[in-house]
Structure formats: C-alpha cells, structure tokens
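> only the shape, not the letters, is given here:
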C-alpha cells in the first residue's frame, strides 16, 4: 500500500495510505520517527549506533514529503552536515504502526466567530441567548451593547443568575486609577499583561461565570483571550495520559495573600467530579510552592508545563479586542482567560455570577 498524503501536527505526523482494507491512516510521534531513522545505523551491520537518550526530545523536522513513487515517507531533519533525509518505506510504517486509525481529541478551538452573540434578531432574551452560547462554547462575546452594566445584571438575573460579591466588592472597576474597590493590590488593576488563569481558585466554590464589560478600551494593547480548558484537558488525556492523571490527582495549593485578604485552598488543577460538572483551577500567580514528593516533583512540573504550553499556544486561543460597550461572559469553571499589556485609560467592569 502506498502513501497518499501527509498531515503534520505539532507533536506527530499523520500518514494517510492509499485506500484499501482496514484503517487508512496512522499517527507517528516525531521522536519515534527520528529514533527509528536509518541515518543512525551502522552502514555494514545496520545496527543502531545512537541511543534514544542522545537525541533531543523536542526535535522537529525541517520538511516532510512523500517520495516521488509514493512508496515511502521522506523526512528532512536538518540536523546533520551530510545526509539529512530519513526514508521510511510505506510497508514498514504499516507493519510497525502503533496508532493505526487513531481519532485524536481536538485541540482547543480558536475561531472567535463561534463566541459571537448578535444583538439583532435574537431568538431569545439576551441573557438566555448568552447562557445558551456558554453551554456550547464556554464563552460569549456581544458587540455594541452600550455602557449600562446594571442592565446586564438584570438581564442575567431574569435567567436565574445572581451577582456574587467577592473580596473586591460587588462590581470591579478594572482600571489603573481604581478608587471604588477593595483589595486592588493585584495584577488586574495594573496595565501589565495577565497570562491565562481562572478566577478565585482559592475558594471552595469559585464563581461560575464572569462578565467583563468594556467601558473604555486601551489606547494600545489590552486584547483579551480565552481558552477552553475542558477541551485542553481532554486533548492532554489523549496525547499524554500520565500528565493528565497527575494534573487530575495531585493536589496543589492556591494561596491568595493581599493587604486585607488571605485565602488558601488545596486541590488538583483538573476536577471531573466537582459538584455541577468539570472544574479547572489554574492560576500561576496564586500557586504556592509545590510540596509533592521528591520522586514526583519533576514529573509534576513536566505535566503542568505541557498543559501550559498547550493552552498558551495562540492557535488554541480565542483572541479578540473589546470595544466600548462590548462585553465578554465566560464559564469560570471551564475557561481560562488573559489579557495583553496596555497603555491608556482602559476600563472594564467585572461582575461574578452564579446560579441562585
């Protein structure tokens, strides 16, 4: 069976074989392919002369292609001064395939149009339409609503949501010159970038939803991004079950300490058995020093870093800028959110909600 086409991904290559009986594709990790390259075999005995431990684990090829006769895969690793192209016979790939017919869990989506809820021609009241979108995508963006945050609170209140007052107050005025809130000694009240996180992970029950209502955009910067943490967790389970199990079972400590507020909670990052459904706790700036056993520390960091790399990839993020009167609502149990650094008098109003 010859090779039909190739499909390159960040961590693996999908090889599509010409139609025939059985599965028509197989997935191969880049490192597996490099370890099995004939480039590192003795020219006379054809034995391996390089141990896998001598190869960089994060290596990626310069180019991949199907041979001119479609009988082999050719991979240009670009890491040798002489012959650089590995050749893998189609039949050899099928014989040694370890993921034939695999259907991977998708990466987190990024098409912003999927979040949009239009104000015109709504099939339901605004609050209900937004909550329906949250059930599907975990977040919703509405353009041009206007500045009245209290009207939004009323709209969501009619759908059974109530405002959750936190240690910041009832409504947060997220601006650098804040004079209305308590406990403003945190990143949200600065003009610095705030990387992906969930809010209030140090509470036993974090607020379910957050509204971010733009009163005035920044002059420069201040773009928002959100990531589907549930999709990211399911994708991690599919590509690295050990990392997934560590993030699901190893408890870590979240410690929020401010001038007039302090709260500590210990829990795993991923919780699929939480009351009310899946819950992710993810906040790099409130993580206390980890105290997992010595023999597990490196493995835990590798697992955490792999998840962080996944969600911090811009290709896996919804990225957009809120204009005056626009608002974002997201499910704080499912979605991670972030913003870029900015300059100018940016002002967003933040409100937490939960079901009554």
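Perfect, thanks for sending it. Since the structure is predicted, the reported quantities are computational estimates derived from the model, not experimental observations.

> what about the most centrally placed residue in the chain, distance to residue 230?
Centroid-nearest residue in the chain, with C-alpha atoms, centre = their mean: residue 311, separated by 2.5 Å. Using C-beta to C-beta, to the nearest Å, we find residue 311 at a distance of 11 Å from residue 230. Using the backbone N, CA and C atoms, a C-beta is placed for each residue, glycine as well.

> quick one: secondary structure of the residue of the chain positioned farthest from its centre?
Distance from the centre of the chain peaks at residue 44, with 47.7 Å (C-alpha atoms, centre = their mean). Counting by DSSP: H, G, I helix; E, B strand; the rest coil, the backbone at residue 44 sits in coil.

> where's it relative to residue 37, distance?
Noted for residue 44: a distance of 17 Å to residue 37, by C-beta to C-beta.

> buried residues, stretch 104-121. List them.
107-110, 115, 117 (16 or more other C-beta atoms under 10 Å).

> do I have it right that residue 122 meets residue 129?
Yes: between residue 122 and residue 129 there is a contact at 5.2 Å, judged by C-beta atoms under 8 Å.

> return the member of the buried residues of stretch 104-121 nearest to residue 317.
For the buried residues of stretch 104-121, the minimum distance to residue 317 (C-beta to C-beta) is 5.7 Å, reached by residue 110.

> contacts only, for the closest one.
314-319 (C-beta atoms under 8 Å, 6 or more residues apart in numbering).

> where's it, which helix or strand?
Here residue 110 sits in a region with no helix or strand, counting by DSSP states H and E.

> if I look at it, how far off is residue 180?
Distance, residue 110 to residue 180, using C-beta to C-beta: 34 Å.

> got a pLDDT number for residue 81?
Predicted confidence (pLDDT) for residue 81: 53.

> re earlier: the residue farthest from the centre of the chain and residue 92, how far apart?
Distance from residue 44 to residue 92, counting by C-beta to C-beta: 20 Å.

> cool, residue 160 as well?
Counting by C-beta to C-beta, the gap from residue 160 to residue 92 is 60 Å.

> picking that back up, closest one of the contacts of residue 110 to residue 218?
Taking C-beta to C-beta as the measure, residue 218 lies nearest residue 319 of the contacts of residue 110, at 15.0 Å.

> which one's the longest helix in the protein?
Counting by DSSP state H, the longest helix found in the chain is helix 294-312.

> quick one: distance of the next helix-or-strand element following it to the chain centre.
Where DSSP H and E defines the elements, the next helix or strand beyond helix 294-312 is strand 318-320. Centroid separation between strand 318-320 and its chain, computed with C-alpha atoms, centre = their mean, to the nearest Å, is 12 Å.

> same question for stretch 298-312.
Per C-alpha atoms, centre = their mean, the centroid offset for stretch 298-312 relative to its chain is 11 Å.

> from the rest of the structure, what touches that stretch?
Contact partners of stretch 298-312, identified using C-beta under 8 Å, 6+ apart, comprise 107-108, 195-196, 227, 229, 232-233, 235-236, 240, 242-244, 246-247, 250, 269, 284, 290, 292, 316-317, 336.

> how about 7 Å then?
Identification of contacts with stretch 298-312 by C-beta atoms under 7 Å, 6 or more residues apart in numbering yields 108, 196, 227, 232, 235-236, 240, 243, 246-247, 250, 290, 292, 316, 336.

> and these, which are buried?
Buried members of the contacts of stretch 298-312, counted by 16+ other C-beta under 10 Å: 108, 196, 227, 232, 235-236, 240, 243, 246-247, 250, 316, 336.

> these: which two are farthest apart?
Using C-beta to C-beta, the two most remote members of the buried ones among the contacts of stretch 298-312 are 250 and 316, lying 23.3 Å apart.

> which residues of the chain score low on pLDDT?
Counting by pLDDT under 70, the low-confidence segments of the chain come to 20-23, 79-83.

> and residue 122 and residue 129? Which one has more around it.
Ranked by neighbour count (other C-beta atoms under 10 Å), residue 122 and residue 129 place residue 129 first, with 19 against 12.

> for the helix or strand encompassing the more buried one, which helices and strands make contact with it?
Element membership for residue 129, per DSSP H and E: helix 126-137. With contacts taken as 3 or more C-beta pairs under 7 Å, 6 or more residues apart in numbering; DSSP states H and E, helix 126-137 sits against strand 139-142, helix 149-157, strand 327-331.

> any chance of those in CSV, with mean neighbour count too?
Formatted as CSV, these follow (neighbours: other C-beta atoms under 10 Å):
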stretch, mean neighbour count
strand 139-142, 24
helix 149-157, 16
strand 327-331, 25
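
> of those, which is nearest residue 4?
Nearest of the helices and strands packed on helix 126-137 (C-beta to C-beta): strand 139-142, 37.6 Å.

> which residues does that closest one contact?
Residues contacting strand 139-142 (C-beta under 7 Å, 6+ apart): 115-117, 119, 130, 133-134, 226, 318, 320, 326-331, 335.

> which residue ranges of the stretch 1-150 of the chain form strands?
With DSSP state E, counting those that start in this stretch, the ranges of strands along the stretch 1-150 of the chain come out as 3-8, 12-17, 25-29, 63-66, 72-76, 85-89, 139-142.

> would CSV of those strands with distance to residue 304 be doable?
Output for the strands of the stretch 1-150 of the chain, formatted as CSV (distance: least, C-beta to C-beta, whole Å):
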stretch, distance to residue 304
strand 3-8, 26
strand 12-17, 21
strand 25-29, 21
strand 63-66, 30
strand 72-76, 31
strand 85-89, 33
strand 139-142, 23
